[in-house]
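Undergrad: Turn this into a structure:
(chains A and B)
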Protein chains: 2
Amino acid sequence: MATLQDLGVAAAINIISAFIFLLVFAFLKLQPANARVYYPKWYLKGVRQGSSRGDERGSLLRFVNLNYKSYLHFLDWMRDALRMPEGELIAHAGLDSVVYLRIYLLGLKVFVPLMLLGFLVLVPVNVTDSNIQTGKIFGTDIDKISLTNIREKSPRLWAHVVMTYVFTAWTCFMLFTEYKTVARMRFQFLAAEARRPDQFTVLVRQVPLDPDEPISTHIDHFFRVNHPDYYLCNQVIYNANKLAKLVKKREGLQNWLDYYQLQFQRKNTERPMTKTGLWGLWGQKVDAIQYYTDGINQISKEATVERERVLNDDSSKLPVAFVSFRSRWGAAVCAQTQQTRDPTVWLTEWAPEPRDVYWRNLSVPYLQLTMRKLFITGAVFLLIFFYIIPVTFVQSLANLEGIEKKLTFLRPIIEAKFIKSFLQGFLPGLALKLFLHFLPKLLMFMSKIEGHLALSQLEVSTSAKYYYFMVVNVFFASVIAGAAFEQLKTFFQQSPSQIPVILAGSIPQKATFFITYIMVDGWASIAADIMRIKPLIVYHLKNMFLVKTDKDRENAMSPGSAGFDTVFPQLELYFLLGTVYSIITPFILPFIIVYLAFAYVVYRHQVINVYDPEYESAAAFWPHIHNRIIVSLLVEQITLFGVFAGKRAAASTPLLIGLPIMTIVFHYYCKNRFEPAFRKYPLEEAMSKDIVDRATHPNWNIKTYLQNSYMHPVFKDSEEEMDEEGFDAERSTLVPTKKSSRSNTPAPSANGEESPFHG
Amino acid sequence: MATLQDLGVAAAINIISAFIFLLVFAFLKLQPANARVYYPKWYLKGVRQGSSRGDERGSLLRFVNLNYKSYLHFLDWMRDALRMPEGELIAHAGLDSVVYLRIYLLGLKVFVPLMLLGFLVLVPVNVTDSNIQTGKIFGTDIDKISLTNIREKSPRLWAHVVMTYVFTAWTCFMLFTEYKTVARMRFQFLAAEARRPDQFTVLVRQVPLDPDEPISTHIDHFFRVNHPDYYLCNQVIYNANKLAKLVKKREGLQNWLDYYQLQFQRKNTERPMTKTGLWGLWGQKVDAIQYYTDGINQISKEATVERERVLNDDSSKLPVAFVSFRSRWGAAVCAQTQQTRDPTVWLTEWAPEPRDVYWRNLSVPYLQLTMRKLFITGAVFLLIFFYIIPVTFVQSLANLEGIEKKLTFLRPIIEAKFIKSFLQGFLPGLALKLFLHFLPKLLMFMSKIEGHLALSQLEVSTSAKYYYFMVVNVFFASVIAGAAFEQLKTFFQQSPSQIPVILAGSIPQKATFFITYIMVDGWASIAADIMRIKPLIVYHLKNMFLVKTDKDRENAMSPGSAGFDTVFPQLELYFLLGTVYSIITPFILPFIIVYLAFAYVVYRHQVINVYDPEYESAAAFWPHIHNRIIVSLLVEQITLFGVFAGKRAAASTPLLIGLPIMTIVFHYYCKNRFEPAFRKYPLEEAMSKDIVDRATHPNWNIKTYLQNSYMHPVFKDSEEEMDEEGFDAERSTLVPTKKSSRSNTPAPSANGEESPFHG
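TA: Numbers count the residues shown, from 1 in each chain, chains lettered A, B, ... in the order given. Next up is the predicted model:
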C-alpha cells in the first residue's frame, strides 16, 4: 500500500506531465496552420474563414505564429472557455453539450461540500482514534485518516452514520435540483427551437402490407380515417443500404484520385502509376488517374442503376414511414397513442430529427428486434465477464517462441537480449491495449446490431454497455481480486447477506489504487484530449495529400463530438468512486474534484471551439446519468452495511436501513416527476407552439416544407448531382451527409421563450 | 407419508361429503321460499317476478316444493349450467364473469394433456426404476410412480427433460391462445357495447388550483385550449365522504325502524320498546318506532345541511374531475397523452364506469399515493412473513389459565375435564381460523388505503396480496418447514445457487400433503359454496324481520359476486401446484383436474343464476392471471434444476437452462403483444365506433347524456328524494347505489359487432 508520500510523488508526476501537455497544446494552438484543428467549430459557423486569403503574406507566417506576445497569455483559453454564458453556449453548441458540461458541475456541487464535511468532521474523528496504532491491523497514513482507523464498537461510528445521512441527503438534493433544471432547460429549448420537420413528424413502423394498394396509399388511407383533421402526408422509406455502400466506395476511390491528381500537379513530370491489387501493392501497373477515374465512373453508373431500381421496385420499399401532421398537436397525439387493436402493427413514435436518423437500421424487421436485443444482451454479458479469455489466448499466441518457430528469419533479431525483453514485456500488453482501444467501437457495433434507429439512442445504448464493462472490470475487478467471471462465481455462490461483507472487506484497502487510477486515467487523459493528437496528424496528412480547394480543406477538418458513448461511462465511474469512498476514505474526494474541475474547463473549451455534434437530442440522455448516480449511492450504502457490521456497531448498523429505502423512494419520485419530460411531448407545449406559429406565419405552406424532409442522404446527394453537371457536381456527393443537412440545425434563442400557458 | 390407500380413503370421504352437499343444495334450491337465494340474477333481470302474486295459493306451497318429480332431476342444474352458449353468457353476465370461467377451462386445457402424457410416459418410466426398492431412500407408493424413484445418473432422466420442454411448450401455447382469445373478446365486447358515459370520459387528477377562477371554469379553460375540437364538459367532484357516512347511518336506523314497525304490525298489541344505549341493550327505555323515526328525521336534517354545505363550499370541491369529450376518439387521445410539462398535474386516465368508481378514494391527495403504496407494501410484507407472531400472541392470551384468573366465576365450568380438553384444543385454533377468515377483508381494507379509484382495481390489488400470502404461507411454508419469517432467513442467508437445491429437497415429499389440501380446500369448498349458507340464512332472517314490500324483498336478496379477490389467488395456487408437480409427481394432476372441472360447472351455474357483478371491467384482470401462471412455470423450472442436480444428471441439467430463458422471452412477447389491449384504447377502435354512432344517431344530444353521468351516488339519491315527497321517497335513498345506476349496465349483443376497419 502506498503512503501519503508515494501518492504525493505520483500526483506531482501527473500534474507536471499534464502541465507539459498544456504547454504543448498552448504552443500548437497558436500556430495558424493548426487553426482548423483547434477551432473547427468557428470555421463551420462561418466566423473564421479559410486561410487561403493569407497566401499573399510570407508562407512562413501562414503556418507559424511569430508574435511572441501571444505566447505570454498561453493559459488565457481557460478564462475564455469559462466566459461564455450558458444561454449563449446553448445557442452556440446545442443543449446536449451544455447539459453534458453540467454533469461535471454537478459533480463539483456534490463532492465539494462532501469533501469539506469529510475533512472537517470525519477526518478529525478518524485520525484521533487508534485502530491502526494498536497494531491490530496494518495500515498506511491514508488508512489513519479513514474509517479503517476507527476501533470496533467505537461510539465514534455515530459520526459516520450521521454523515452518511447528510451525504445521501445532499447528493439527492443536488440530483433533484439538477434533474429539475435539466427538464426545464429541455422544455425551454424545445419551445424556443425553430421550426423543424421532426416536430411535425412521427415514425410509423410495422405498416401492414396491403395486396391491393401500394404502401404509401395504404398509409394515406389509414391516417386519413383515424387522424382526419391532422394528417398531412407520408414519406415511405426505401431500403437504400446497397446504394449507400456504393456511394461510400466511390468516396474512397475519389480520395485516391484526389491524391494522385495532386501528386501529378505538384511534380508535373510523369503520370503517377498504381497497381490494381490490394492497397496498390500487388498486381498490374496502370496509370493511376485513369484507373481511378474509370473506377469512379463505373461505380457511378452502378449507383445510378441501383438508384433507379430502389425507387421503382416495390420490394425495396420498407414497411416504415415518416408520417407528417398539420400541427405539432396532431403529431404529439399520434406519437403517444396506440393506433389499432394489434399493438405490433402501426407502431408510432416520435421521429428523430433528420440528422439523427440511423438509416441503416430502418430496414431491420421489427419482429427481429426482440431477438436481436436478447442476443446482444447475452453477447455483452459474455464480453463483460469473459473478455479476458480470448485476450489471454491471443497473448499466448503472441509469445516469442511461437513467433520464432513460424518466422525463423526473425530469430537473430529477436534473440538480441534487449529486444527480447522489450518484446516479452510489450507483446502481451499490446493485445489487451488493442482490445481496450477497440472496445467502444465493438460496443457501438453491437448497439447498431440491436437495431436502434437514432444516433442518439446508439450512443446512450453504447455508453450503458461500456459503463457495465467498466464497473465490473475496473471497479469490482479491483475490489474483488480475480477475473470477472470469478467474481460472478463469488456472487452467485455467496448468500446475499455476505455481499456487503465481501465489499466491506476490500473496498477500504483499494482507496490508494483508485486515487492513482484517477490521476493516470483521469488527469492525464484530459490533458491528452485537449491536444487532439490524432485529428492534428490526420488533418495535416490530408492537407498534404488530398486538399485542393478551400472546400476540401473544410472537409479535412474532423471536429468530432464529445463522444458520449465513452465519456459518460468514465464520468459515471468517477461518481461511483466518489460516492462509495466519500464516507470510508474522504481523502479520495480532492482527487476527483481536481479531475472534475479540470475536465470541466477543458471540455468547455472543446465544446466552444472544437466539437460539432452530429445531432441534437435536447438532453434526452439525462435520465441515464441520474439513474447511474442513484446506483452509486446504493453501492455505497451496501458497502457501508458491511463496514459497520465489521466494526460490530450493533446499535448504529440497523439505522443504515433507512438509506437504501430513502434512496429508492427518491429514485421513483424523480422518475415519476421528471422522466416523462424526456420521453413525451406534452400536448400543452405542442398546442402553444402551434398557436404562436399560426399567428406569426398564417400563410406558411407546411406541405412543401415537409415533403422531402426525411429523405435518405444518398438520394439527397443524388438529387444535387442531377441538378449539376460535370466533375465538380460529382465532387459534391462527397460532402458528408451531416453537412448537407446542416440547414436544419436548430438555432434556439438563448432565453427560451416560455409557453404562454405555463408558469 | 400417506400411501395410495390413505389417499383413496381421503378422496372417498371428500367425494361423499361433496355429494351430500350437492344433495342438500338440490333440495334447498327446489323450495320456492329459497328462489331468491338461488336465482337472484333472474329476479334482477326481471325474468322472475316477486312471489307475492302466489299469495292466493296455499301458503305452504309458497315455501315448499311438493312436486316429487322435480326432485328426480336433482342434478339437471349441471346440464343447464353448461348449456348456455358463451355469447349469450356474455350478454347475460358480462365479460368479466365469462373470462373468469375461462380460467377453469384454461386449467383443464393445460392439465388434461399434461396428465395424459404424464401417465403414459413418465409414470411407466418412473415405476420401472428402482430407487426406492434398493432401499436407498424410504418412499410410498406415490413416490414409486414419481421422479423420486429414478436412480441417480439414470439415462431415464432424459425422458423427464424432454417432457419438461413439451409441458412448458404446451402451457405456453395454451397461454398464448388464451391471451389472444381474451384480448379479441375484450375488443369485441368493447366494440359491441352500448353507448356508455365512460367511453367519452377521462378522469383528470391533480388539477392545479387557480386563485382567480373556480375549479370547474379552470378545467374548462384548460381543455378548451388544449383539446379545442373535442372537449365537451366537466364534472367536478365533491368531497361527500361525510354525507355518505350520514346516509349510511340513516340506512342502519331505517332497518331498525322497519323491524319494529313490522313487529308492531304483526303483534298489533303493544308498541315495541327499545333502549337508547349500545345495541339497544342498555340505557333508558323508549318507544322504538318513535325513537327511530326521530333519529331518521334528525339525520335527514343533518344530511340536508351537509349536502348544502358540500355543494356550496368551494373547499369541498376536490382537484379531480370527470372530463367528457365529444367523441370517443377525443377521450382516447386525452387519456393516453401527457397534458403539460409537469407530469404531476393534469393527470389523465380512462374513467372507470360510474358503477365501478370507488368514490371515497377520489379525495385522497395524489401526492400521498406513493407514500400510501409504500406503507401498504411494507405492511403486506410484514403481514405475510410475520402474521404468525400476533396470532401466537393472541393464542397465548387465550389459554385457559389466563381466562380462569381473570374470570374466576368460570372456573367450575372450565375445570370440567371434557370441556377443558375441548377448549384447549379449540381456542388456539380459533384465533388462527378467525384471522384467516378476516384476512381477505383486511387485505381489501389495505388496498382501499392504497388509494385505488375503482372497485375493479381494488379487487385485482387485493387478489395480488392474497396470492402472495398463500404462496408464502401455504406453498413455501409447507415446502420449507417453519414459519414464513424463517423461510425469509433461509433464502437470505443461502447463496442463490442453493435455492433450487432447497426446493428440490422437499417439494417431491410434499405431494401427498398438497393432494389432501386440494381435496379439503378445493373440492369441499366448492360444494359448500354452491349451498350459499350465509346468504340463505341472511335472506330468511331479513325476510322475517325487515321485509314489508316486494321492493324490500328484492333488497333482501344478496346475489353477491364471484369475489375475484379471493377466487383468483386460490385458482392461481392450484395452477402453481399443478405446474410444479406436473413433472415430479404427475399423480397430483387428476386431483386438480377434478377440482377445475367441478368448479367450472358449479361457478358457471352460479354466474348464470346467482352472481350480480358490481362492475364490468371487460376482463381487465387477465394480464395478472397470465403473469402468475408464468411465475408458476419459473418456480417449476427452478425446482427441476435442483432435482436434476440432486440426481447428478450432469448431461441433462444444463439443458434445462433453456426453459427459463424460453419462458421469460415468451412472457415479454405476450406482454408486448397483448397487454396494451388491456391498458389502452386504440384510436382506430374509437374512431370506428364514433363513425357508426354518428351515422346511426346524427341528432343525439351528447351533452345532456353526459351532464350528470358521474354524480356521487349520495347526490343522485338526494335528487330523487327532492323529486318525491314523504316516507316512500325517503325509502328510496336506501336502494343501494348499485341499483340506481343499473340503467347504465352494458347490454352488448352476443355477436360483438366487428369494427369496419379491422380484420
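Undergrad: Just the buried positions in the host helix or strand of residue A:664, please.
TA: For residue A:664, the element it lies in under DSSP states H and E is helix A:658-674. Taking 16 or more other CB atoms under 10 Å in any protein chain shown as the basis for neighbour counts, the residues of helix A:658-674 that come out buried are A:659-660, A:662-663, A:666-667, A:670-671, A:673-674. Every residue, glycine included, has its C-beta placed from N, CA and C.
Undergrad: Run through the residues of the stretch 201-350 of chain A sitting next to chain B.
TA: The stretch 201-350 of chain A comes close to chain B at residues A:225-227, A:229, A:332-333, A:336-341, A:343-344, as judged by CB under 8 Å from any CB of the partner chain.
Undergrad: redo that, cut-off 6 Å
TA: Within reach of chain B by CB under 6 Å from any CB of the partner chain, the stretch 201-350 of chain A has these residues: A:226, A:333, A:336-341, A:343-344.
Undergrad: Among these, give me the pair with the biggest separation.
TA: With distances taken as CB to CB, the most widely separated pair in those is A:333 and A:344, at 20.6 Å.
Undergrad: Compare these two and say which one has the larger neighbour count.
TA: In this view residue A:333 and residue A:344 are compared by other CB atoms under 10 Å in any protein chain shown, and residue A:333 has more residues nearby, 27 against 16.
Undergrad: Mind pulling the model confidence for the nearest residue to that one once chain neighbours are set aside?
TA: Distances taken as CB to CB, 6 or more residues apart in numbering or on different chains place residue B:333 nearest to residue A:333, at 5.0 Å, with adjacent residues excluded. Per-residue confidence at residue B:333 stands at 91 (pLDDT).
Undergrad: Could you do residue A:124 as well?
TA: pLDDT recorded at residue A:124 is 87.
Undergrad: How about the contacts made by residue A:359?
TA: Contact analysis of residue A:359 by CB atoms under 6 Å, 6 or more residues apart in numbering or on different chains lists residue A:712.
Undergrad: State the distance from it to chain B.
TA: Applying CB to the nearest CB, to the nearest Å, one obtains 25 Å for the distance of residue A:359 from chain B.
Undergrad: Please report how far the residue nearest to residue A:333 lies from residue A:336.
TA: 8 Å (CB to CB, to the nearest Å).
Undergrad: ok, and the closest non-adjacent residue to residue A:201?
TA: Across the structure, with CB to CB, 6+ apart as the measure, the residue nearest residue A:201 apart from its sequence neighbours is residue A:351 (4.1 Å).
Undergrad: Same check on residue A:444?
TA: Counting by CB to CB, 6+ apart, residue A:462 is the residue found nearest to residue A:444 once chain neighbours are left out, at 4.7 Å.
Undergrad: same question, residue A:327
TA: What sits nearest to residue A:327 in space, not counting adjacent residues and going by CB to CB, 6+ apart, is residue A:690, at 4.6 Å.
Undergrad: Buried residues in the helix or strand hosting that neighbour, which are they?
TA: Element membership of residue A:690, judged by DSSP H and E, is helix A:683-696. Residues of helix A:683-696 classed as buried by neighbour count (16+ other CB under 10 Å): A:683-691, A:693.
Undergrad: Turn the residues you listed into JSON lines, columns for pLDDT.
TA: As requested, the buried residues of helix A:683-696 are exported to JSON lines (pLDDT from 0 to 100):
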{"residue": "A:683", "pLDDT": "88"}
{"residue": "A:684", "pLDDT": "87"}
{"residue": "A:685", "pLDDT": "87"}
{"residue": "A:686", "pLDDT": "87"}
{"residue": "A:687", "pLDDT": "89"}
{"residue": "A:688", "pLDDT": "87"}
{"residue": "A:689", "pLDDT": "88"}
{"residue": "A:690", "pLDDT": "87"}
{"residue": "A:691", "pLDDT": "88"}
{"residue": "A:693", "pLDDT": "85"}
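Undergrad: I'm done for today, thanks for sticking with me.
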